[in-house]
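J.: from the sequence below, what's the structure:
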Amino acid sequence: MGARGPAKKPAELEALHGNPGHRRINEKVQFEQKEIPKAPPWLDGVAKKEWKRLAPKIFKVGLLTDADVAVFAAYCDSYSQWVHAVKAIQASAPDKKTPPSLTFETDKGYKQQIPEIGIANNAKKQMLAFAREFGLTPSSRLDKVDAVKTENETVSIMDFIKGKAQYEKAG
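T.: Alright, predicted model coming up:
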């Protein structure tokens, strides 16, 4: 059984989110890194292109060091598998106007999903799991909306929902 509660975030990701709960920020593991790590040579062209696109961005906020190369490479590899599977699905279409067939008929006469869909779905799940580790999804970058601005005032979201913000201004 895993640990309880939400997974711990790197200090750099916590700093980007702020610290609304005023909890102690995890600063135990810090790696000094002067330059962006190079992509592993075993990554294919699609994965290396994704590495080149994202590595500078996550390095800039301190989330990519030599210690993170394998995990980020796994993200890039999952992205590449997803892209290749989607392209294979698209290539199965007879022409550009006809959508690809997503099923085939077995020798017993049953309809079954083509394997490329399962490959694409698994790669997508893996890619998204790795992406969350590096703060690459909107939900992993934003904890939650906790305030709404109204005419140069900050009102808590609960007061806004309950309508207290409008009543205080009227009274």
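
J.: in the longest helix anywhere in the chain, what counts as buried?
T.: When the chain is scanned for its longest helix (criterion: DSSP state H), the result is helix 69-91. Applying a neighbour-count criterion of 16 or more other C-beta atoms under 10 Å, one finds 69, 72-86, 88-89 buried in helix 69-91. (C-beta placed from N, C-alpha, C; glycine too.)

J.: phi, psi for Lys60 please.
T.: For Lys60, the backbone dihedrals (degrees, to the nearest 10) come out as phi -60, psi -40.

J.: hang on, I meant Phe59
T.: Reported as degrees, to the nearest 10, the phi and psi values for Phe59 are phi -70, psi -40.

J.: show me what contacts it?
T.: Contact analysis of Phe59 by C-beta atoms under 8 Å, 6 or more residues apart in numbering lists Gln33, Ile36, Pro37.

J.: quick one on the thing from earlier: need the next SSE after the longest helix of the chain, C-terminal direction.
T.: Next helix or strand after helix 69-91 toward the C-terminus (DSSP states H and E): strand 103-105.

J.: buried ones in whichever strand or helix holds Lys49?
T.: Assigned by DSSP H and E, Lys49 belongs to helix 45-60. Across helix 45-60, burial judged by 16+ other C-beta under 10 Å covers Val46, Ala47, Lys48, Lys49, Glu50, Trp51, Leu54, Ala55, Ile58, Phe59.

J.: the inter-axis angle of that helix versus helix 69-91?
T.: Taking axes from the mean of the first three to the mean of the last three C-alpha atoms, to 10 degrees, helix 45-60 and helix 69-91 form an angle of 140 degrees between their directions.

J.: circling back: which helices and strands sit right next to the longest helix of the chain?
T.: If contacts are counted by 3 or more C-beta pairs under 8 Å, 6 or more residues apart in numbering; DSSP states H and E, helix 69-91 sits against helix 45-60, helix 115-133.

J.: could those helices be laid out in TSV, adding mean pLDDT and distance to Ala93?
T.: TSV is the format used below for those (pLDDT from 0 to 100; distance: least, C-beta to C-beta, whole Å):
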stretch	mean pLDDT	distance to Ala93
helix 45-60	94	20
helix 115-133	93	12
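
J.: how about those, which one is nearest Arg4?
T.: Minimum separation from Arg4 across these (C-beta to C-beta) falls at helix 115-133, 18.3 Å.

J.: elements contacting the helix or strand following that closest one?
T.: Moving toward the C-terminus from helix 115-133, the next helix or strand (DSSP H and E) is helix 138-141. Packing contacts for helix 138-141, counted by 3+ C-beta pairs under 8 Å, 6+ apart, involve helix 11-17, helix 115-133.
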